[in-house]
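**Student:** Okay, sequence plus prediction incoming.
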Amino acid sequence: MKLGILCRSIMYVFLICYGLQAHAKATILILGDSLSAGYGLQANESWVNLLEVKLKDNKLDYAVANGSVSGATSADGLKALPDLLKTYQPQILVIALGCNDGLRGNSLIILRSNLAQIIKMATTNNIKVLLVGFRIPDNYGPAYTEGFAKVYSELSEEYNVPLVPFMLNGFATDSSYFQNDHLHPTAAAQPLILDNIWPYLQPMLNHD
């Protein structure tokens, strides 16, 4: 009698755990810097938070994990990624890094290597990748600015991952969309960032 009760209890726990696993949300991990960490914004204003709302409104069963850190470079993202993958086990990785590398004039060879390693780490683990591109001001000189932009397009082609051409497309030169530091987008710019990213992210989602 007791054995039967024990067996039923074990089966009940198994069914609960199986049910939770079967209905667990897939996760989108955002790996970025202050532009994705919501620097200077209220908690619910960043494009990452707006993405969560959009997924819910479209009845897409995804959780969003934000691994973005203000000031992060591609090297910082590469270092943090293994623990983030272990913690969140994402199905999709959005890579929004490199802006700080460019603004600091860091080596484009190292930037490319870091981003390539991030992409390979994700794809090796069967994680879909969306690469978000950046551009930097012309005062860095044509060779550096053009080479910087090419890093993203070349990585997209080499590793066959979709590319958002420019995160700040459509408002990068409009000061009204930036905070007083002239670097970080305001709350009003966040829907525009999501509008730039969503057309490339949407086809990667399961629409069951």
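**Tutor:** Received, thanks.

**Student:** would you put the C-alpha positions of the longest strand along the chain in CSV?
**Tutor:** Criterion DSSP state E: the longest strand present in the chain is strand 26-32. Provided in CSV are the C-alpha atoms of strand 26-32 (Å, rounded to 0.1, in the frame of the first residue of the first chain):
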residue,chain,number,x,y,z
ALA,A,26,12.1,30.2,-24.8
THR,A,27,14.6,32.9,-23.9
ILE,A,28,16.0,35.8,-25.9
LEU,A,29,19.3,37.0,-24.4
ILE,A,30,20.4,40.6,-25.1
LEU,A,31,24.2,41.0,-24.9
GLY,A,32,24.9,44.7,-25.1
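
**Student:** contacts for it?
**Tutor:** 36, 48, 51, 55, 61-68, 72, 77, 80-81, 84-85, 88-97, 118, 132, 201, 206 (Cβ atoms under 8 Å, 6 or more residues apart in numbering). C-beta here means a position set from N, CA and C on the backbone, and glycine is covered the same way.

**Student:** Buried residues in that strand, which are they?
**Tutor:** 27-32 (16 or more other Cβ atoms under 10 Å).

**Student:** quick one: contacts for residue 130?
**Tutor:** 92-95, 161-164, 197, 200-201, 204.

**Student:** Among these, which lie within helices?
**Tutor:** 197, 200-201 (DSSP state H).

**Student:** so can I have a markdown table of the residues you listed showing neighbour count, distance to residue 112 and pLDDT?
**Tutor:** Output for the ones in helices among the contacts of residue 130, formatted as a markdown table (neighbours: other Cβ atoms under 10 Å; distance: Cβ to Cβ, whole Å; pLDDT from 0 to 100):
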| residue | neighbour count | distance to residue 112 | pLDDT |
| --- | --- | --- | --- |
| 197 | 23 | 22 | 98 |
| 200 | 17 | 20 | 98 |
| 201 | 21 | 23 | 98 |
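
**Student:** where does this structure have low pLDDT?
**Tutor:** For the chain, the stretches with pLDDT under 70 are 1-24, 207-208.

**Student:** Strands along that one, start to end?
**Tutor:** Going by DSSP E, the chain shows strands at 26-32, 62-66, 92-96, 128-132, 163-164.

**Student:** how about those in TSV, adding distance to residue 154?
**Tutor:** What follows is the strands of the chain, written out as TSV (distance: least, Cβ to Cβ, whole Å):
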stretch	distance to residue 154
strand 26-32	19
strand 62-66	27
strand 92-96	14
strand 128-132	11
strand 163-164	10
